[in-house]
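Novice: no sequence on this one, just coordinates:
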């Protein structure tokens, strides 16, 4: 990601940090379509899934991918029918020392895949009758989640990402050497506002997952890491897995370096405050055991970490916002494709990027993790997984003729959409309007066919995906299986749903739309910059030609006040860009930045009140008979820019002095 506006990528899903979903450019696939005779056939004869064939496939795919994407190393494991079928490391865990990646001797950070262990722990306690998925979580806490809405937040809401919390990223990652606070301290000091009623809108939440981890801790009476170690790691024989930060001394030598680019420098071990949401450190060999256990309804060899009934409840579809798209299970999300029901989870830290998939009806589990962000042009893990599925489970979706309303539908759904996973009440909300998804009728094809494009969703070739309507307001990627759908919410506003079930996109109104906010931003910046740049130039020209302004002392003071307000407003805008750039490095978003944020917001307050000064000065000078008419219109233009500035900072909650972001 670029360092200029990484935060906009955060608002788009994945997003950074521990974003579990795949990048917004490659949404996961829709539910299986069981083809009838003649409707669909395999693209080709499937390869037999053997160790030798998988090795031949991956040995040809991964080394080339690592080189092309500038990734230092990766590890993959495939399990089938209760056994490890294939596992291998590729590339280097230490690029400088050329230390190779090992399946059982190299530690990776799988990010939000950690949540699967948190969800498993929750279900263990549900199975014991100590937790109830549908009770108010406040029953299990020693602090209160505020009653913003009549409906309480439940564990079922948490496990289906429908708590309604807004996004929060402060102290998600912290600099190395920073002492980590207890879970309760983190949760009480970082509680985000609730912007949706529970159960109404999916909005992926790291905070909610951490809340679940704390409930496990309180209910069991054991620190979270100890509980998971005693009830999941140890029973499954996961000897090299831990949630502890920093790593125990015996595990440190096994830790892979993390890289932005594989050709770049190694980065220090990442520290995450919300540990249950993403601090797992593990090996591919250990995760293979975890996958086998879940593919066998909680059983690994002679160990049962969940009863079969509880496991089946965990894997069952719980929440879906459209019958044609994937829904949430309990913690796992559906990512069904190629005619098979698949559940899984993804995970990202700043440097490690991973996916875990369980093909339930085939008894197959697949784990991939990279130790570098890479170039970021595509999602390497998605490309690998899609090709793996096409090799062993080839499938052609049935042909579907577009409905007669396709052209009208394409025009109706066109517009700008904002992700439900967003900051809304803090200064980070300023990035919302610049990170919207745009839907347009396909300009490259006959619009009568009803095809659409969704920017910035792209295919592996770097081109924007085209979507064809296969049912009323349901679209499938042309030459692909990805699906999106549109529906109206209770207020009649259009929503775009993708098959990643933990977020949706909501149609923006005019004042929230990208075109309007872009126009406001450009207009304001241009006016402020020209005002300040032309000020010394005009002075130099007047001096050169010996021309003096015919202003009285009061008018000179008012003219100076206008220039100062423009300077203050411009300083605030520039500071905003600096803050958003800093937000790209999540480890810098700690309490140490609070004093600068307070100064930043104080400048915004001064700038907003300065609009009144500019308005007063413009009115006074408009009536002055001794002023050039063009000067009056220029002052009016500056006043309009100041009003736009004030609207922007108020509308996007940029001067509320809230340090919980």
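Specialist: Cool, got the structure. Remember, it's a predicted structure, so these values are computed and weren't measured experimentally. Numbering: from 1, shown residues only.
Novice: which residue sits farthest out from the middle of the chain?
Specialist: In the chain, the greatest distance from the average C-alpha position (Cα atoms, centre = their mean) is reached by residue 546, at 59.4 Å.
Novice: you'd agree residue 184 is in a helix?
Specialist: Yes - assessed with DSSP: H, G, I helix; E, B strand; the rest coil, residue 184 lies in a helix.
Novice: in space, what's closest to it - neighbours in sequence excluded?
Specialist: Closest residue to residue 184 apart from its sequence neighbours, by Cβ to Cβ, 6 or more residues apart in numbering: residue 214 at 6.5 Å. To be clear about C-beta, it is placed using only N, CA and C from the backbone, and glycine gets the same treatment.
Novice: swap in residue 510?
Specialist: Once flanking residues are discounted, residue 510 sits nearest to residue 516: 5.8 Å by Cβ to Cβ, 6+ apart.
Novice: so which helix or strand takes in that neighbour?
Specialist: helix 514-545 (DSSP states H and E).
Novice: next secondary structure after that helix?
Specialist: Proceeding N to C from helix 514-545, the next assigned helix or strand is helix 553-583, under DSSP H and E.
Novice: mind checking how far that following helix is from the chain centre?
Specialist: Put simply, helix 553-583 sits 33 Å off its chain's centre (Cα atoms, centre = their mean, to the nearest Å).
Novice: could you do stretch 594-602 as well?
Specialist: With Cα atoms, centre = their mean, you get 26 Å for stretch 594-602.
Novice: what residues sit buried inside it?
Specialist: By 16 or more other Cβ atoms under 10 Å, the buried positions in stretch 594-602 come out as 597, 600, 601.
Novice: how about TSV for those residues, with secondary structure added?
Specialist: Shown next, in TSV, are these (three-state DSSP):
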residue	secondary structure
597	helix
600	helix
601	helix
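Novice: what's the residue farthest from the centre of the chain in contact with, if anything?
Specialist: Not one residue lies near residue 546 by Cβ atoms under 8 Å, 6 or more residues apart in numbering.
Novice: next up, phi/psi of it, please.
Specialist: phi 70, psi 30 (degrees, to the nearest 10).
Novice: okay, it and residue 363: tell me how far apart.
Specialist: Remark: distance between residue 546 and residue 363 (Cβ to Cβ, to the nearest Å) = 90 Å.
Novice: number of residues surrounding residue 544?
Specialist: 8 (other Cβ atoms under 10 Å).
Novice: thinking again about what came up before, any buried residues in the host helix or strand of the residue nearest to residue 184, and which?
Specialist: Counting by DSSP H and E, the element that carries residue 214 is helix 206-220. For helix 206-220, burial by neighbour count (16+ other Cβ under 10 Å) applies to 206-217, 219-220.
Novice: using CSV, lay out the residues you listed together with pLDDT.
Specialist: Compiled in CSV, the buried residues of helix 206-220 are given as follows (pLDDT from 0 to 100):
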residue, pLDDT
206, 98
207, 98
208, 98
209, 98
210, 98
211, 98
212, 98
213, 98
214, 98
215, 98
216, 98
217, 98
219, 98
220, 98
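Novice: next, format the residues you listed as TSV and append distance to residue 561.
Specialist: Output for the buried residues of helix 206-220, formatted as TSV (distance: Cβ to Cβ, whole Å):
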residue	distance to residue 561
206	46
207	44
208	48
209	51
210	48
211	49
212	54
213	54
214	52
215	56
216	59
217	57
219	61
220	63
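Novice: and residue 73, how many neighbours?
Specialist: 27.
Novice: so it bridges to which residues?
Specialist: Taking DSSP bridges, one obtains residue 91 as the residues bridged to residue 73.
Novice: would you mind checking which helix or strand in the chain has the lowest mean pLDDT?
Specialist: When the helices and strands of the chain are scored by mean pLDDT, DSSP states H and E, helix 6-11 comes last with a mean of 35.
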